[in-house]
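Task: produce atomic coordinates for the following.
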Amino acid sequence: METAEQMATTASTRARSGLLTGGALLLLTTACSSSGTPAATSTDQGLKVPPPSVSAVPTLAKADDKALPIEAYLLTPEQQQQLIRARDALTARCMTRFGFTYAPEPAPTDPGTRQKNLTQWRYFVTDTTETAQYGYTAKDFRHGQKPSRAPEPPAYLLALTGSADGAVAVAPGQTPKGGQDINGQRIPPGGCIGEALGKLGASTANGNGGDAQLASDIKNSGWNQSLADSRLLAAFTAWSGCMKAKGYDYPTPIAAADDPQWQTIGASSEKARQTATADATCKAEHNVVGIWYTVESAYETTLIEQNAEAMRAIRQDIDNRMKLAAQALAS
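Numbers count the residues shown, from 1 in each chain. Have a look, this model is predicted:
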């Protein structure tokens with residue numbers, strides 16, 4: 001039988017690789033790139049540090065009004081949207097050179113449930129009022145829906161992306177497609193989207209216009225290392241005992257949220273609602289969220305300090321890109 005630490009690590013791996021089922025999957029599905037639970041990477045393995053000291057642990061029933069240290073080095077949802085608007089404006093101007101009217105992706109008919117910040121669902125269910133109604137499903141959870149769109153002609157896609165199949169992405173180290181002529185105009189590398197991203201400071205260092213790899217890796221590593229930290233494992237043990245006293249046998253909160261039965265009977269079924277409410281109650285009784293947030297923050301702070309120069313460059317890069325976006329939208 002797996003220990004609590006092994007279970008936490010296994011569930012974390014599944015969460016980060018997109019293999020969660022049931023309630024955990026619903027809780028972690030968002031449209032935001034800075035999702036609550038880290039995405040899988042192979043580059044955070046070199047960011048291991050000894051358990052950092054913690055001066056004080058706040059009592060937290062939930063952490064959705066708290067920010068993690070790494071968030072200062074990640075794009076906010078508002079910044080992401082501004083960069084998208086600027087990219088679309090620059091792309092539209094470029095497309096006119098080739099005789100096309102650029103139509104950005106249509107607005108979703110239903111945007112679905114959007115995560116408001118990094119910590120909203122990071123520690124899974126925490127609000128007993130919501131769990132009593134929704135169980136392990138996020139409140140008012142809805143998958144987004146977009147209106148259908150007619151396929152674009154090959155020439156349009158060629159000008160847009162540099163490829164007639166509309167594929168912008170290329171393998172690391174490869175040059176984006178482009179260089180063809182349309183109406184006497186040379187298509188830039190990556191097409192008009194590639195040109196727009198270049199004008200907005202996109203680079204391999206910032207994930208082609210997204211979050212810097214190092215910042216993402218620190219976010220992931222802080223999460224991974226917190227799950228192996230003795231202070232959090234002790235909190236999980238206390239939580240597990242509390243759950244067992246209520247008739248539920250789970251080693252960790254992640255195991256409860258990831259119970260395969262939620263996929264079968266529903267993450268908002270009566271049993272799921274009862275279990276999730278017990279889960280959130282036991283978290284509050286043993287300050288699991290306060291400990292988890294504090295320990296994870298301590299790992300992130302240590303890693304940020306160890307990479308101070310690179311992190312300053314990341315922060316400056318974000319500032320520069322937002323200035324470029326503002327200029328693109330103003331012109």
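
Can you name the residues that contact residue 82?
Counting by C-beta atoms under 8 Å, 6 or more residues apart in numbering, residue 82 touches 322, 325-326, 329. To be clear about C-beta, it is placed using only N, CA and C from the backbone, and glycine gets the same treatment.

Can you name the helix or strand that it falls in?
Residue 82 belongs to helix 77-97 when assigned by DSSP states H and E.

Which positions within that helix qualify as buried?
By neighbour count on 16 or more other C-beta atoms under 10 Å, the buried set for helix 77-97 is 77, 80, 82-83, 86-95, 97.

can you check stretch 292-307 too?
Per 16+ other C-beta under 10 Å, stretch 292-307 contains these buried residues: 292-304, 307.

what would the contacts of residue 82 look like in CSV with distance to residue 232, pLDDT and secondary structure?
Listed next are the contacts of residue 82 as CSV, based on distance: C-beta to C-beta, whole Å; pLDDT from 0 to 100; DSSP: H, G, I helix; E, B strand; the rest coil:
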residue, distance to residue 232, pLDDT, secondary structure
322, 35, 98, helix
325, 38, 98, helix
326, 41, 98, helix
329, 43, 97, helix
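
Which secondary structure element of this protein has the lowest mean pLDDT?
Scoring the helices and strands of the chain by mean pLDDT, DSSP states H and E places helix 22-28 at the bottom, with a mean of 36.

Tell me where the stretch 101-250 of the chain is predicted with low confidence.
Regions of the stretch 101-250 of the chain meeting the criterion pLDDT under 70 cover residues 106-114, 140-146, 165-176.

For it, which segments count as helices?
128-134, 154-161, 191-199, 213-227, 230-245 (DSSP state H, counting those that start in this stretch).

Please enumerate the strands of the protein.
Counting by DSSP state E, the chain has these strands, from start to end: 181-182, 185-186.

residues in contact with the last one?
With contact meaning C-beta under 8 Å, 6+ apart, strand 185-186 is reached by 97-98, 179-180.

from those residues, which two are the most distant?
97 and 179 (14.8 Å; C-beta to C-beta).

what angle do the helix holding residue 82 and helix 154-161 make?
Angle, helix 77-97 to helix 154-161, by axes from the mean of the first three to the mean of the last three C-alpha atoms, to 10 degrees: 130 degrees.

For helix 77-97, what is the distance to the chain centroid?
22 Å (C-alpha atoms, centre = their mean, to the nearest Å).

Could you tell me the angle between the direction of it and that of helix 191-199?
Using the same axes, to 10 degrees: helix 77-97 against helix 191-199 is 130 degrees.

Would you mind putting the CA coordinates of helix 77-97 into CSV?
Provided in CSV are the C-alpha atoms of helix 77-97 (Å, rounded to 0.1, in the frame of the first residue of the first chain):
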residue,chain,number,x,y,z
PRO,A,77,-5.2,37.1,-16.9
GLU,A,78,-5.6,40.8,-17.7
GLN,A,79,-2.1,41.0,-19.2
GLN,A,80,-2.8,37.9,-21.3
GLN,A,81,-5.9,39.4,-22.7
GLN,A,82,-4.1,42.7,-23.5
LEU,A,83,-1.4,40.8,-25.3
ILE,A,84,-4.0,38.8,-27.3
ARG,A,85,-5.8,42.1,-28.3
ALA,A,86,-2.5,43.6,-29.4
ARG,A,87,-1.5,40.5,-31.3
ASP,A,88,-4.9,40.5,-33.1
ALA,A,89,-4.5,44.2,-34.0
LEU,A,90,-1.0,43.8,-35.4
THR,A,91,-2.1,40.6,-37.2
ALA,A,92,-5.0,42.4,-38.8
ARG,A,93,-2.7,45.2,-40.1
CYS,A,94,-0.3,42.7,-41.5
MET,A,95,-3.1,40.7,-43.3
THR,A,96,-4.3,43.8,-45.1
ARG,A,97,-0.9,43.9,-46.9
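
thinking again about what came up before, quick one: which of the buried residues of helix 77-97 is nearest to residue 196?
Of all these, residue 196 sits closest to residue 90, with 3.7 Å by C-beta to C-beta.

do you know how far that closest one is from residue 194?
Residue 90 sits 11 Å away from residue 194, going by C-beta to C-beta, to the nearest Å.
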